[in-house]
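In: this one's structure only:
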Ligand SMILES: Nc1ncnc2c1ncn2[C@@H]1O[C@H](COP(=O)(O)OP(=O)(O)OP(=O)(O)O)[C@@H](O)[C@H]1O
Ligand SMILES: [Mg+2]
């Protein structure tokens, strides 16, 4: 389902203030039908994590299997290295000067602290012994620098890792580096990463996903991929409600709630509710007019 309407018409308020609370907030915020749902998940464009130790690989749960793959390789076994040695979060194999981060904060008096490459490991994050234990010619630091797309090729023979990375690529995140800290992701990137992880979890719960302009920042070609991801969520028995202006998302939804007619005091009213086809055919208001223009009718 898509919620549309001009800026200030009340979309975010309806979806993230009212709907998101479900039936827990009492009679003045009544939401009916919650019995058909097991949980409500709001996926807003806010940072996923403030921890600079979390990165794309750890969040998508591919980091543990990647470390296991390194530890199982002959290069690690002959050096007596376990999966733990390939962790940058626990002491053992990591560089202790930078505690596995590859950078150290240097204080420049008067200026904000800047991150400089670690003087001990020179940004490589691990001891030489760990870096020498390669997998298919790559060190663990090399793998952290791979993009999701590159890593998908590199781990093609590891089905579980490749499947996860393939899903990230499907939602338009193929260019992210595995070692990229979550703190540096854009709002849209974070939102898609979160959704991809929901799909990976593969829970059988009936979840209501609330999304805030999920296609913002997506290349038109990636919008198609993103719609495929939403279809998969719905096919798995979930419901998706998106605040969205993109006409492809609007047209792909089963139902449209159009708010308006304007913003602020001129907003907050239901202008239209129905299928996208009905909205285009006989909807009134700015959204319907826009949709007709886009579709050339
Ligand atoms: N706490 C508040 N006090 C007063 N006005 C508020 C408050 N919260 C929201 N509003 C007003 O309510 C209206 C609806 O806000 P809302 O954020 O739901 O709009 P929106 O449709 O999501 O807009 P946009 O597309 O710009 O995100 C706006 O005019 C906003 O200024
Ligand atoms: Mg809004």
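Out: That came through fine. Since we're looking at a predicted model, the values are computed, not measured. Ligands and ions are numbered 1, 2, ... in the order given.
In: where do the strands sit along the stretch 101-250 of the chain?
Out: Applying DSSP state E, counting those that start in this stretch to the stretch 101-250 of the chain gives strands spanning 103-106, 114-117, 207-212, 239-243.
In: Residues in contact with the second one: which ones?
Out: Yep, that's strand 114-117 we're talking about. 102, 103, 104, 105, 106, 108, 123 (Cβ atoms under 8 Å, 6 or more residues apart in numbering). Quick note: C-beta positions are derived from backbone N, CA and C, even for glycine.
In: Backbone dihedrals for the first one, please?
Out: Read that as residue 102. phi 80, psi -10 (degrees, to the nearest 10).
In: Which parts of the chain belong to which domain?
Out: For the chain, automatic domain parsing gives the domain ranges 2-48+185-295, 56-170.
In: so how far is the last one from its chain's centroid?
Out: Put simply, domain 56-170 sits 21 Å off its chain's centre (Cα atoms, centre = their mean, to the nearest Å).
In: what's the answer for stretch 237-253, then?
Out: Distance, centroid of stretch 237-253 to centroid of chain: 17 Å (Cα atoms, centre = their mean).
In: Between the two ends of that stretch, how far is it?
Out: Criterion Cα to Cα, to the nearest Å; first-to-last residue distance in stretch 237-253 is 15 Å.
In: that older thread, need the strands of the stretch 101-250 of the chain in CSV (columns: distance to ligand 1, mean pLDDT and mean neighbour count).
Out: CSV is the format used below for the strands of the stretch 101-250 of the chain (distance: least, Cβ to the nearest ligand atom, whole Å; pLDDT from 0 to 100; neighbours: other Cβ atoms under 10 Å):
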stretch, distance to ligand 1, mean pLDDT, mean neighbour count
strand 103-106, 36, 87, 14
strand 114-117, 34, 87, 13
strand 207-212, 8, 93, 22
strand 239-243, 6, 95, 21
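In: Tell me which of these sits nearest to residue 272.
Out: When these are compared by Cβ to Cβ, strand 239-243 sits nearest residue 272, at 15.2 Å.
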